[in-house]
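Q: Predicted structure and sequence below. I'll ask about it afterward.
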Amino acid sequence: MTSLYEFLILKLANVVELATQDQGTLTPQAKQTLVRSTKEFKDGLREAQDYATTLPGGELSVQEQDEVINMLEMLKERKRKQLADFSERASAISSSQKDMKMELDSTASTPA
């Protein structure tokens, strides 16, 4: 993708250079070169647009993309909290099981 945009910048620079090169009358060959460079630039723009619209979410507006990003960030935060809660409960269960095992071991080893 980066190479496509680098290509576009080079083509645009080429078109600008050709258009401003001779401020006088253009020769037929210079006109032909300018037309060819302009067409290549337009084709590159079309390719970049096609590429952008085929990206997942490329059909969404910037505002819609921002809304999706915000929703995903909220979901991520909820999942993070659920994981922390689960971790706390698992730790509490593990601690209580260790205490219970120690209690059973001490009861079993106490003479009657």
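A: Sure, I can see it.

Q: Please count neighbours and contacts with C-alpha atoms only from this point.
A: OK.

Q: Based on its surroundings, how many neighbours for Leu75?
A: The number of residues packed near Leu75 is 12, by other C-alpha atoms under 10 Å.

Q: in what helix or strand does it lie?
A: In the assignment (DSSP states H and E), Leu75 maps to helix 62-109.

Q: show me the contacts for Gln49.
A: Taking C-alpha atoms under 8 Å, 6 or more residues apart in numbering as the contact definition, Gln49 lies against nothing.

Q: just the one 5 residues further on next, same as before
A: If you count contacts by C-alpha under 8 Å, 6+ apart, Thr54 has none.

Q: got any ranges where this structure has weak pLDDT?
A: Applying pLDDT under 70 to the chain flags the ranges 1, 22-24, 98-112.

Q: One more pass at 80, please.
A: Counting by pLDDT under 80, the chain shows low-confidence ranges at 1-2, 21-26, 53, 57-59, 94-112.

Q: returning to what we had before: any idea how far the helix holding Leu75 is from the chain center?
A: Between the mean C-alpha point of helix 62-109 and the mean C-alpha point of its chain there is a distance of 28 Å (C-alpha atoms, centre = their mean, to the nearest Å).

Q: and if you look at stretch 55-74?
A: On C-alpha atoms, centre = their mean, the centre of stretch 55-74 falls 10 Å from the chain's centre.
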